[in-house]
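*Asks:* need a structure here:
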Amino acid sequence: MKGRLLLPLAMALVVMPASFAQTSGGAMKPVAYKVVDGNKVDTDTLQGWKTWRALACERCHGAKQEGLVGPSLVDAFKTLDKNEFHRTVFGGRVDKGMPDFSSSTMMQKNWENLYAYLKGRSDGKINPGDLQALDAK
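*Replies:* The predicted structure is shown next:
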């Protein structure tokens, strides 16, 4: 009987659309991105895209994040959570060719923004190509 009562709660938690990550203060914050017309995004997501470009991630993952010598991130982000993403970018997968970005100040400051950008691409909300700020004319 107890299991039947917990099942709806467990199912609700599994299908919640927002992902959560622990902040430096220990609180959880949702992964969020705002996008209009497929290429206008909020400031944080724009910074994630700029991080993608600056670190030349397209060399391995392709300009549209659909894979090249590295895997498709559009596909991977359908199941990849923020914790695994953090472990990957800050530990690398050297045996598979993924470098460790732990010494990159840009990555340290923007990994959550990069995650939001890639999540938006995977969700099909952010179009490939150049982005601009939501408030851009």
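
*Asks:* Only C-alpha atoms from now on, for both contacts and neighbour counts.
*Replies:* Fine.

*Asks:* distance between stretch 117-133 and the chain's centre?
*Replies:* Computed by Cα atoms, centre = their mean, to the nearest Å, the chain-centroid distance of stretch 117-133 equals 10 Å.

*Asks:* Then stretch 66-83?
*Replies:* On the basis of Cα atoms, centre = their mean, stretch 66-83 sits 9 Å off its chain's mean C-alpha point.

*Asks:* how about that stretch: buried residues?
*Replies:* Using 16 or more other Cα atoms under 10 Å as the test for burial, stretch 66-83 gives 66-67, 70, 72-77, 82.

*Asks:* residues in contact with it?
*Replies:* Contacts with stretch 66-83, where a contact means Cα atoms under 8 Å, 6 or more residues apart in numbering, come from 19-21, 59-62, 65, 97-98, 112, 115, 118-119, 121-123.

*Asks:* Keep only those of those residues that are in helices.
*Replies:* Among the contacts of stretch 66-83, DSSP state H puts 59-61, 112, 115, 118-119, 121-122 in helices.

*Asks:* Mind putting those into CSV with distance to Lys40 and neighbour count?
*Replies:* Listed next are those as CSV, based on distance: Cα to Cα, whole Å; neighbours: other Cα atoms under 10 Å:
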residue, distance to Lys40, neighbour count
Arg59, 24, 14
Cys60, 25, 17
His61, 22, 18
Glu112, 18, 21
Tyr115, 17, 24
Leu118, 14, 23
Lys119, 15, 28
Arg121, 13, 22
Ser122, 16, 21
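
*Asks:* quick check, nearest of those residues to Thr88?
*Replies:* Of all the ones in helices among the contacts of stretch 66-83, Tyr115 has the smallest distance to Thr88: 11.5 Å, by Cα to Cα.

*Asks:* Cool, thanks, signing off.
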